[in-house]
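[1] Build me a model from this:
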Amino acid sequence: MKHLLYIICLAVILSMQGFAQKDTVEVPDVYSSGQEGTLNAAVQAAIDAGTISNTVFKLSPYGLYVLTGAITTTNGQILEIVAPEAGTTQETAPAQIIWTASSAPDKRYNFDCGGDVIMKNVWIMYGSIDGAQVGSTIRVGDSVGVSSTGMNAQFDGCIFEYSGCPQNGGGAVEVYSSNFKASFKNCYFRNNMDPHYRYYGRALSFRYSSTGLHIDSVLFENCTFSNQGYVYMQEGAEYGDNVHFNHCTFYNIVMFTLESGWWNKLSVTNSLFVNTYMYGAIPVNDGEGFGGTIAITAVDSFGFSVPFTDADRHILFANNAYYMDNWLVEWMGYGTNGNPYSKDLHRQRRDDEIPVPHPMMNNDTKRFFDSVDNSGNKVYPFINMANIPDSVDPGFINPPLNLDSLKQFLYHKWYDAADVNWAFNKDSSFAQVWPLEDNLTYTSDVYKTAAMGNYPLGDLYHWWPEQYASWKAQKDGEDARIAAWLSTGTDPGTVGVKAIPGTMPKEYTLNQNYPNPFNPSTKIQYSVPKSGYVSLKVYNILGSEVATLFEGEQISGNYEAVFNASNFASGVYFYRLQAGNVTLTKKLVLMK
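    Numbers count the residues shown, from 1 in each chain. Now for the predicted structure:
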């Protein structure tokens, strides 16, 4: 089915082996055991015993785990490392893995995961025990084409911090498989920059100058990327077939946020981009710029062969906002608050060498979204941009910003490439200070309801926990909407619920859907007089549940849900509201 273009990212994770009965090994940390390398020893013992794929390695809250060597698994093996979900006190801090031992601080130990890897609620510091950065990586895949099913990676609730660019040019997580599949949910990529110009760190990347590697599917959901060199990297002739970002926050990205423009199927939805591409465009070199936040490159400009044409591509950029802080715009230029380099260029009449802000996308990219033929029909009906709110200051509560050092970094990046470390509070991170000071919750009313379903833009898990709970209850509907929109090129309509104006209800009500009969979508209005748990579900005539329109906590008020039945057969269905001690049911008819 075409709608699986997006949901495939979720399905591949569910297909991973090893979720059934597993033995749990509780790994002692440095504080309790006085020893480094306990995680190495535990993993190696399971490998030697042949039980690695049936073992979960459980780390302690606020635990410290120091690697004394590479952790290596091979094709067919599953490495699963988990810790309890972090709380709000120091004692409930995430378990932290430090890359290299005190006896060998200059070693570059990797996670070399030749098979599947699962990590949950783990804080990974890419450095030595004494706080020095180490250029290592979590490599997924041990050789090209070694497995016809590829390599699967699942990261949930993880922090990836202070990752530079490893010697092979990869990222915090490195793709080294011809059939790579991954899911990153509720993760925070923080302070990932490299000593070499401090801008080479990236979240996910192919290794430099590799060949034959490929991403089958990758999903980033409710993730934050702050103080990064790049975010997602495609280089050489390698690209991803299914790449999806939903409810992500991007803040202070030096250069490429999403590189390169070689997308086949891409969706970027409900996300917030602030200060992305801080380096700016240099008019004399870049013309109208590389592309800013998102770029789409014509297939005939790739420089390598791909099994699709421009007409085949499915790209969705919807419900996203882009903003650049005033301090950054001013610092690029030669005005009162500009940097010395730009001022000097201006005095020399070399204004076309002064950096200028990138647009959200360049004109070549806009053509893919906007081009129409002589009849007014879209030239690329499956490449769509929609619901882009006004660009306003989000008003972050406490962004992870060392402004003075960041300004100096950018100045030297433009001027002489001298090294300036602009990481935010890295010493506190190495000391495991928790919770983090960062707070990318914002005050902008424009962005608070600009995502699908009237949710806030950006990462809900980290910055909007109350909204995250209700969003998660309607997540399946949102996924279905994105999948259908990406597949068909047409927005199927709001999935989930939205509040509607009216007097405060005194009783539970469930109105008859309108229209009825309907094809393919219909609206359902209901009221709840008391805040509490609410579910609104659809059932077929046999009584089997076929759709969840809402499930979760909901405040008192009047609501409207949209049921899109594009994928359902004609017939009679029932919709049921359950709230408090009340259950209300009505019938609807789908006629195609």
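
[2] For residue 390, which non-adjacent residue is spatially closest?
    For residue 390, the nearest residue in space outside its immediate sequence neighbours is residue 446; the separation is 6.0 Å by C-beta to C-beta, 6 or more residues apart in numbering. Every residue, glycine included, has its C-beta placed from N, CA and C.

[3] Correct me if wrong: the one you found contacts residue 392.
    Yes. Proximity of residue 446 to residue 392 meets the contact threshold set by C-beta atoms under 8 Å, at 5.1 Å.

[4] Common neighbours of the two, please.
    Overlap between the neighbourhoods of residue 446 and residue 392 consists of residue 321, taking contacts as C-beta atoms under 8 Å, 6 or more residues apart in numbering.

[5] beta partners for residue 576?
    With DSSP bridges applied, residue 576 shows beta-bridge pairing to residue 537, residue 585.

[6] Ok, residue 524 next?
    Under the criterion used here (DSSP bridges), residue 524 is bridged to residue 561.

[7] Report all helices and strands that the helix or strand encompassing residue 478 contacts.
    Residue 478 is part of helix 475-488, with elements assigned from DSSP states H and E. Contact partners of helix 475-488 among helices and strands, from 3 or more C-beta pairs under 8 Å, 6 or more residues apart in numbering; DSSP states H and E: helix 4-14, strand 240-246, strand 265-269, strand 314-318, strand 496-500, strand 545-554, strand 557-564.

[8] As CSV, the ones you listed with mean neighbour count, distance to residue 55 and mean pLDDT would be great.
    Listed next are these as CSV, based on neighbours: other C-beta atoms under 10 Å; distance: least, C-beta to C-beta, whole Å; pLDDT from 0 to 100:
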stretch, mean neighbour count, distance to residue 55, mean pLDDT
helix 4-14, 19, 19, 43
strand 240-246, 24, 30, 97
strand 265-269, 24, 35, 98
strand 314-318, 24, 39, 97
strand 496-500, 18, 39, 74
strand 545-554, 18, 34, 79
strand 557-564, 20, 43, 88
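
[9] Take these and write them to CSV, including distance to residue 209.
    Output for those, formatted as CSV (distance: least, C-beta to C-beta, whole Å):
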stretch, distance to residue 209
helix 4-14, 27
strand 240-246, 18
strand 265-269, 24
strand 314-318, 27
strand 496-500, 45
strand 545-554, 47
strand 557-564, 45
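
[10] for the stretch 1-150 of the chain, which spans come out with low pLDDT?
    Judged by pLDDT under 70, the stretch 1-150 of the chain has its weakly predicted residues at 1-20, 142-150.

[11] residue ranges of the strands in it, please?
    23-26, 55-58, 64-66, 71-73, 78-82, 95-100, 111-113, 116-120, 122-128, 138-140 (DSSP state E, counting those that start in this stretch).

[12] Run through who's touching the fourth one.
    Strand 71-73 has contacts (C-beta under 8 Å, 6+ apart) with 39-40, 43, 47, 52, 79, 109-115, 117.

[13] go with 6 Å
    Residues from elsewhere that reach strand 71-73 (C-beta atoms under 6 Å, 6 or more residues apart in numbering): 43, 79, 111-115.

[14] Out of those, which is nearest to residue 123?
    residue 111 (14.3 Å; C-beta to C-beta).

[15] Which residues are in contact with the closest one?
    Taking C-beta under 6 Å, 6+ apart as the contact definition, residue 111 lies against 71, 138.

[16] circling back to that earlier point, pipe the contacts of strand 71-73 into a markdown table and attach distance to residue 540 per row.
    Supplementary listing: these in a markdown table, determined by distance: C-beta to C-beta, whole Å:
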| residue | distance to residue 540 |
| --- | --- |
| 43 | 47 |
| 79 | 41 |
| 111 | 46 |
| 112 | 48 |
| 113 | 42 |
| 114 | 44 |
| 115 | 40 |
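
[17] Sort out which one of those lies nearest residue 324 for me.
    Using C-beta to C-beta, these come closest to residue 324 at residue 111, 35.5 Å.

[18] With residue 40 as the reference, measure out to that closest one.
    11 Å (C-beta to C-beta, to the nearest Å).

[19] do the same with residue 477
    44 Å.

[20] what are the ranges of the helices in the stretch 151-300 of the chain?
    Applying DSSP state H, counting those that start in this stretch to the stretch 151-300 of the chain gives helices spanning 283-286.

[21] Okay, now the unreliable bits of it?
    Scanning the stretch 151-300 of the chain with the threshold set as pLDDT under 70 gives 288-291.

[22] Dump the helix holding residue 478 to CSV, restricted to CA.
    Once side chains and other backbone atoms are set aside, the C-alpha atoms of helix 475-488 remain, and they are given as CSV (Å, rounded to 0.1, in the frame of the first residue of the first chain):
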residue,chain,number,x,y,z
LYS,A,475,-0.2,9.8,17.1
ASP,A,476,-1.6,7.0,14.9
GLY,A,477,-4.0,9.3,13.3
GLU,A,478,-1.3,11.9,12.6
ASP,A,479,1.0,9.2,11.2
ALA,A,480,-1.8,8.1,8.9
ARG,A,481,-2.4,11.7,7.7
ILE,A,482,1.3,12.3,6.9
ALA,A,483,1.6,9.0,5.2
ALA,A,484,-1.5,9.6,3.0
TRP,A,485,-0.4,13.2,2.2
LEU,A,486,3.1,12.0,1.3
SER,A,487,1.7,9.2,-0.8
THR,A,488,-1.1,10.9,-2.7
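
[23] quick one, that helix and strand 314-318 angle?
    Here helix 475-488 runs at an angle of 130 degrees relative to strand 314-318 (axes from the mean of the first three to the mean of the last three C-alpha atoms, to 10 degrees).

[24] Relative to the whole chain's centre, how far out is helix 475-488?
    Its chain's average C-alpha position is 17 Å from that of helix 475-488, according to C-alpha atoms, centre = their mean, to the nearest Å.

[25] tell me the angle of that helix relative to strand 496-500?
    Orientation check (the same axes, to 10 degrees): helix 475-488 against strand 496-500 gives 110 degrees.

[26] helix or strand for residue 380, which one?
    Assigned by DSSP H and E, residue 380 belongs to no helix or strand.

[27] how near is the nearest residue to it once chain neighbours are set aside to residue 298?
    Closest residue to residue 380 apart from its sequence neighbours, by C-beta to C-beta, 6+ apart: residue 368 at 5.4 Å. Between residue 368 and residue 298 the computed distance is 8 Å (C-beta to C-beta).

[28] quick one: contacts for residue 206?
    Residues near residue 206 by C-beta under 6 Å, 6+ apart: 175, 213, 235, 238.

[29] Check residue 66 too.
    Listed by C-beta under 6 Å, 6+ apart, the contact set of residue 66 reads 30, 36, 98, 101, 129.

[30] can you rerun that using 8 Å?
    Each residue near residue 66 by C-beta under 8 Å, 6+ apart is listed here: 30, 36-37, 97-98, 100-102, 129.

[31] Identify, from these, the entry nearest to residue 471.
    Comparing every one of the contacts of residue 66 with residue 471 (C-beta to C-beta), the shortest separation belongs to residue 97, at 29.5 Å.

[32] For the closest one, list each beta-bridge partner.
    The residues paired with residue 97 through beta bridges, assigned by DSSP bridges, are residue 65, residue 124.

[33] What about residue 373, how many residues nearby?
    Summarising burial for residue 373: neighbours were counted as other C-beta atoms under 10 Å, giving 8.

[34] what's the answer for residue 135, then?
    As a burial measure, residue 135 scores 22 neighbours (other C-beta under 10 Å).

[35] quick revisit: shouldn't the residue nearest to residue 390 be within a strand?
    No. Secondary structure assignment places residue 446 outside any strand; it is helix (DSSP: H, G, I helix; E, B strand; the rest coil).

[36] Would you mind listing the residues in contact with the residue lying closest to residue 512 once chain neighbours are set aside?
    Take residue 512 and drop its neighbours on the chain: the residue closest to it by C-beta to C-beta, 6+ apart is residue 586, 5.9 Å away. Taking C-beta under 8 Å, 6+ apart, we find residue 586 in contact with 510, 512-513, 574-575.
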